[in-house]
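Colleague: Sequence first, then the predicted structure, then my questions.
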Amino acid sequence: MERNKRAGHSMEMKPEARVTCQVMLAVLFTALFITAITFAGECQGFNLTGNVSERGKETVLLVNIVLFLMTVQAFQPHPQPCFQCPFDWIRYRGKCYYFSEVEGNWTSSQDNCSALDASLAMLDSMEDLSFIMRYKGISEHWIGLLREDEEQPWQWVNRSPLSHLFRIHGSGLCAYLDDNGLSSSQCSTERSWICNKHELQSSGKGNRLRRPPNLCVSSLGAAGRPSHAQISGAP
């Protein structure tokens, strides 16, 4: 159940469809406006038999051709930068998150994250904390927060200070996540862990990601986890 919860994803609404519709409406409005002006100007071109002048017919045909070409152009795909996460990671707010399925102490957990070109998770906001709490399941997970002793301030693994927005329960030296939020304990305790890193931009060449380079991930979600062979100390 925990894996299924993590594997779920919610689709993000993309702006491309809205832009295309807006372009189409603008094109149609412009075409109708030009056609109306053309017919208004060509009213004097009617002959006694009630036929439109040749010039009016050519103008209407030209408007239709322009409308067709603009419609085709509006639906042409426009290349955009593709940011993505490694296969089986979860993307959120510009970062990629990995939730381990094996356990280790704080130091080995950080080593495992480093082996994946990441670090134990660092949180920038309460939104990040809410996201992790939603996806971590029932297990306790190490994060990248520690202090040298009980009198020293908390720091993330990149040496940045802990924001006053976060409160940590307990008197330990290494921080982890439980159902109550941020807690601390001895660093030797074995727990699952969470890694994160910034998402990567795909150039389509020499891409090390296991996901196809032209496939952008625009939603939260993952379908499983990296194999245990990628994680040091795994059985």
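Modeller: Looks like it arrived, so ask away.
Colleague: tell me the domain ranges of this protein?
Modeller: 15-74, 82-230 (automatic domain parsing).
Colleague: For my notes, confirm residue 88 occurs in a strand.
Modeller: No - per DSSP: H, G, I helix; E, B strand; the rest coil, residue 88 lies outside any strand segment and is coil.
Colleague: give me the number of residues near it?
Modeller: Neighbour count of residue 88, defined by other Cβ atoms under 10 Å: 18. Backbone N, C-alpha and C define where each C-beta goes, glycine included.
Colleague: again with residue 90
Modeller: So residue 90, with other Cβ under 10 Å, has 23 neighbours.
Colleague: Could you check how far it is from residue 167?
Modeller: 25 Å (Cβ to Cβ, to the nearest Å).
Colleague: Kindly report the same for residue 126.
Modeller: 11 Å.
Colleague: wait, what's in contact with residue 149?
Modeller: Residue 149 makes contact with residue 173 under the criterion Cβ atoms under 8 Å, 6 or more residues apart in numbering.
Colleague: and it, helix, strand or coil?
Modeller: coil.
Colleague: Could I get the pLDDT score of it?
Modeller: The model reports residue 149 with a pLDDT of 92.
Colleague: now swap in residue 17 and tell me
Modeller: Value for residue 17, per-residue pLDDT: 53.
Colleague: could you pull out the helices for the protein?
Modeller: 2-7, 15-41, 54-74, 106-115, 126-135 (DSSP state H).
Colleague: Now the weakest link among those helices, please, by mean pLDDT.
Modeller: helix 2-7 (a mean of 45).
Colleague: does residue 93 really touch residue 129, like I thought?
Modeller: No - using Cβ atoms under 8 Å, residue 93 is not in contact with residue 129, being 11.8 Å away.
Colleague: And the two? Which one has more around it.
Modeller: More crowded of residue 93 and residue 129, by other Cβ under 10 Å: residue 129, with 18 against 12.
Colleague: Setting aside sequence neighbours, what's the nearest residue to that one?
Modeller: Distance criterion Cβ to Cβ, 6 or more residues apart in numbering; nearest residue to residue 129, sequence neighbours excluded, is residue 123 at 5.3 Å.
Colleague: Give me the distance between residue 183 and residue 125.
Modeller: The gap separating residue 183 from residue 125 is 19 Å, by Cβ to Cβ.
Colleague: can you check residue 59 too?
Modeller: 58 Å.
Colleague: got it, and residue 187?
Modeller: 25 Å.
Colleague: So which of the two has more stuff around it?
Modeller: residue 187 (17 against 12).
Colleague: doesn't residue 105 make contact with the more buried one?
Modeller: Yes - at 6.1 Å, residue 187 and residue 105 qualify as touching, with contact defined as Cβ under 8 Å.
Colleague: ok, now which ones touch residue 148?
Modeller: So residue 148 contacts residue 173 (Cβ under 8 Å, 6+ apart).
Colleague: Also residue 174?
Modeller: 106, 142, 145, 146, 184, 185, 186, 187.
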